[in-house]
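Undergrad: Got a sequence here, can you build the structure:
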Amino acid sequence: MEQLSGILLKGLVYVLISGLVVLAIRGILRLNRAGDQIQKEWAELEGVAASRGWTYERQAPGRATQYCGVGPMPGKGSNLTAWHHITGEFRGRSFKCFEYRYVNPMSSTTQTGSKKLTHESMFLIAAPGSGPFMQVGRPNKLDRLMGRRPRTLLGVPEFDEKFRVATDDEGFVRNVLTDDVRAFLLSDPRAARRPLRVRDDELFTWYTGYLSQQAIEDQLNYLCDVMDRIPAQAWTSA
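TA: Numbering: from 1, shown residues only. So this is what the prediction gives:
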């Protein structure tokens, strides 16, 4: 009986180990397929830019530095590289988009033992005028802990509950976030995932992840949809 129990235990251990090996192999294959897809999308960006009359630079040293302090970008830096840096016109507005890459000490390690890169994709379009600092996004429990700017409440309960607004000029925010703009942000699912930031004469959004052709279309359309709803006088009165 003891011999039979030993055989069963060994068989169970063998099945368990075999299952873990299969899961590991499947995981590696999925990662490889995902990596191949990302490389394919990156390779397509240059062709897409050329077909639409946009400029494309695979690696643009120093181009990301001017955006320090915006969204996921570091507060300061020098000679920061913008990857897949694309500029051009979209729906009649000048735009830029690029990837910023950095090593997060908290990120997992690769098979070679090095830290994985974090990819941040940035998008911006030109505004018809210049405005003070304004950022609109989802509230986060870490806002106060991270020392973020005080929250500006607009006195519209549904909007104040779902969005966190920070600004240097409450009058500008109220001119920008009209009834029409607030209704759009509350109803459009993109607004729940993509923050907005005004800096001078540019409107930004961003996300953590790789840059792709579809993302460029989606994010620039989102920015233009927002800009179309902002009254022109909001910029002239800033």
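
Undergrad: per-residue pLDDT, the closest residue to Leu153 other than its chain neighbours?
TA: If you skip the residues right next to it in sequence, Leu153 has Asp160 as its closest partner in space, 4.9 Å away by C-beta to C-beta, 6 or more residues apart in numbering. No exception for glycine: its C-beta is placed from N, CA and C like everyone else's. The pLDDT attached to Asp160 in the predicted structure is 96.

Undergrad: show me the contacts for Asn140.
TA: By C-beta atoms under 8 Å, 6 or more residues apart in numbering, the contact list for Asn140 reads Arg164.

Undergrad: my bad, Met73
TA: The neighbourhood of Met73, defined by C-beta under 8 Å, 6+ apart, consists of Ala64, Tyr67, Leu80, Tyr100, Glu120, Met122.

Undergrad: so can I have a markdown table of the residues you listed showing secondary structure?
TA: Formatted as a markdown table, the entries for the contacts of Met73 read as follows, by DSSP: H, G, I helix; E, B strand; the rest coil:
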| residue | secondary structure |
| --- | --- |
| Ala64 | coil |
| Tyr67 | helix |
| Leu80 | coil |
| Tyr100 | strand |
| Glu120 | strand |
| Met122 | strand |
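
Undergrad: What's opposite the most centrally placed residue in the chain in the beta bridge?
TA: Nearest to the mean C-alpha position of the chain, by C-alpha atoms, centre = their mean, lies Tyr207 at 0.9 Å. Tyr207 has the following beta-bridge partners by DSSP bridges: Ser121.
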